[in-house]
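Q: I would like the atomic coordinates for the input below:
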Amino acid sequence: NKVTKEELKIMKKLERKRKRKEEKKRKKEKKRERKKQKKEQNKNLHLALASVPAEDEELETPRRLVIRDISPIKQVVDNGHERNRLDTNSSTMSPSQEEKNVQKEVFNPEFRDLTLQRENENDLVESSTEKLSATFDPFQQKPTKNAVLLLCSERFLEDFGHVVADLARGDLLADNQTPIQFIDTALMEKTGVDIEVPGRGAIITILASSIIGSKSKTILMKITEMAASSRYKWVEVVFCMDVELDNITSENITRLQNAVFRHDNLPGTITRFKITSRHSLSTTIARTILALDPVGTISGEMEQWLLDHATKQRLEFLLILIPNLTIVGALYWLKLRMDESNNPSSITEKVSLWFRRIFTETEKEVQHLKHALCSNEIIRKTLNPSVALQLPVVATAELGTAKSGFS
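A: Reported below is the predicted structural model:
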């Protein structure tokens, strides 16, 4: 028998209806099972609650709070009389017994003398506190020495502000509590160091995270160029470990140490390395600075010179022109000339006159500088002797453009 298309359509529809009915039945059965499970859970919960024994609903009667004194005898003073009563068994006494004990009064004829003595003692205490408040200063409990004033870079002040604050307190070292203060100046960017210390020394602080990747080559070139020159007698490079010391970081530090290795007989800068954590960075820098001779620190007068814009520009030009000149050395060179001049003019005019003499009277300035290096101890410790040799070369140098024919 052949089945027509219409019959096929009818059969498909019937099959779909049958499947829908079966799905509805399955859903209904699932709902019934869920309801049965919920009912069973509720029954089990009620049975568990019923099996728990009922708690006693009666509340405890509040007990009376009794405060006992440390001393066995309590003294009560009222209208010049002193009552003595035993307080050891106060918790067991009835109210009538307590009233009877309070009513018992014992007259003390020495009470008036005691009150007068206490008033005199109070007067003495008040007068002594007034004297102490007039002479006592809480900020001057420990007699501290004069603070050491040094130059630092603006980058160091921004990145290591907590170190600057710790060093300013002066309580990092137990054997030496001298506070260390800093003056940040943009001139430090020309030298490439973070702190200039006495004895023609310098400190560079480097985060370990900054020597990872391509940044390590930049730092390597910077420190290598500095070590090749003799601007500073020694430079201490302090690595602050802000990341984990892995193999790559160790290799970069070793490569940097090998790059600045020098023989003792060769000229140049002595480079030392230290590795510390961020927590102990302040103590490491304090030990390095306070172990040095304080000759060569910055004075308040030099701080005023650094605030003068014209003076700062002239010092910056000298630092670029003379590669072995430090900022502290330039300031003490300027101070030498300031102390010798009797001209009562402003700071800018005095600096301008000194700067003009360097290039117009170079030979006299060189002779004067050599004499100061031999006779003046501060100049000898703060100024590189090669500055006197480099000065006539750079001051009398002429541009070769006109002679060579370049316009």
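
Q: make it CA atoms for all contacts and neighbour counts henceforth
A: Will do.

Q: Just the CA atoms of the helix or strand hosting residue 217, as PDB, please.
A: Per DSSP states H and E, residue 217 falls inside helix 215-228. As requested, the backbone C-alpha atoms of helix 215-228 are provided in PDB (Å, rounded to 0.1, in the frame of the first residue of the first chain):
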ATOM      1  CA  LYS A 215      67.100  49.600  31.500                       C
ATOM      2  CA  SER A 216      70.200  47.800  32.800                       C
ATOM      3  CA  LYS A 217      72.200  48.900  29.800                       C
ATOM      4  CA  THR A 218      71.400  52.600  30.400                       C
ATOM      5  CA  ILE A 219      72.500  52.300  34.100                       C
ATOM      6  CA  LEU A 220      75.600  50.400  33.100                       C
ATOM      7  CA  MET A 221      76.700  53.100  30.600                       C
ATOM      8  CA  LYS A 222      76.000  55.800  33.200                       C
ATOM      9  CA  ILE A 223      78.000  54.300  36.000                       C
ATOM     10  CA  THR A 224      80.800  53.200  33.700                       C
ATOM     11  CA  GLU A 225      81.300  56.800  32.400                       C
ATOM     12  CA  MET A 226      81.300  58.100  35.900                       C
ATOM     13  CA  ALA A 227      83.900  55.600  37.100                       C
ATOM     14  CA  ALA A 228      86.100  56.400  34.100                       C
END
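
Q: Touching that helix from outside, list them.
A: Outside helix 215-228, the residues that touch it by CA atoms under 8 Å, 6 or more residues apart in numbering are 192, 210, 211, 235, 252, 256, 259, 260, 268, 269, 270, 271.

Q: how far out from the middle of the chain is it?
A: With CA atoms, centre = their mean, to the nearest Å as the basis, helix 215-228 stands 27 Å off its chain's centre.

Q: Next, give phi and psi for residue 191.
A: Main-chain torsions, residue 191, degrees, to the nearest 10: phi -90, psi -30.

Q: Which residue, other than its chain neighbours, is closest to it?
A: Setting aside the residues directly before and after it, residue 191 is nearest to residue 326 in space (CA to CA, 6 or more residues apart in numbering), at 7.4 Å.

Q: what's the answer for residue 379, then?
A: Using CA to CA, 6+ apart and skipping the chain neighbours, the partner closest in space to residue 379 is residue 373 (5.7 Å).

Q: wait, the one you found sits on residue 382?
A: No - applying CA atoms under 8 Å, one finds residue 373 not in contact with residue 382, separated by 9.6 Å.

Q: Give me the more crowded residue out of the two.
A: Just comparing residue 373 and residue 382: by other CA atoms under 10 Å the higher neighbour count belongs to residue 382, 27 against 19.

Q: so that one touches residue 328, yeah?
A: Yes - using CA under 8 Å, residue 382 makes contact with residue 328 at a distance of 6.6 Å.

Q: What ranges does the protein have for its strands?
A: Using DSSP state E, the strands of the chain run over residues 73-78, 81-86, 148-152, 180-184, 195-197, 201-207, 234-241, 270-277.

Q: Comparing those, which comes out most buried?
A: Ranked by mean neighbour count, the strands of the chain are led by strand 195-197 with a mean of 27 (mean count of other CA atoms under 10 Å).

Q: So what are the sheet partners of it and their directions?
A: In the sheet, strand 195-197 lines up against strand 148-152 (antiparallel), strand 201-207 (antiparallel) (DSSP bridges).

Q: Mind putting these into CSV with distance to residue 277?
A: Shown next, in CSV, are those (distance: least, CA to CA, whole Å):
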stretch, distance to residue 277
strand 148-152, 20
strand 201-207, 10
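
Q: Can you check which of the ones you listed gets nearest to residue 275?
A: With CA to CA as the criterion, residue 275 lies closest to strand 201-207 of the strands paired with strand 195-197, at 9.7 Å.

Q: who touches the closest one?
A: The contact list for strand 201-207, computed with CA under 8 Å, 6+ apart, reads 156, 193-197, 232-242.

Q: ok, and for the helix holding residue 217, which residues are buried?
A: 216, 220, 223, 224, 226, 227 (16 or more other CA atoms under 10 Å).

Q: what about stretch 299-308, average pLDDT?
A: For stretch 299-308, the mean pLDDT works out to 85.

Q: in that stretch, what's buried?
A: For stretch 299-308, the neighbour count (16+ other CA under 10 Å) marks 303, 305, 306 as buried.

Q: Which single one of those residues is nearest to residue 185?
A: Checking these against residue 185 by CA to CA gives residue 306 as the nearest, at 7.6 Å.
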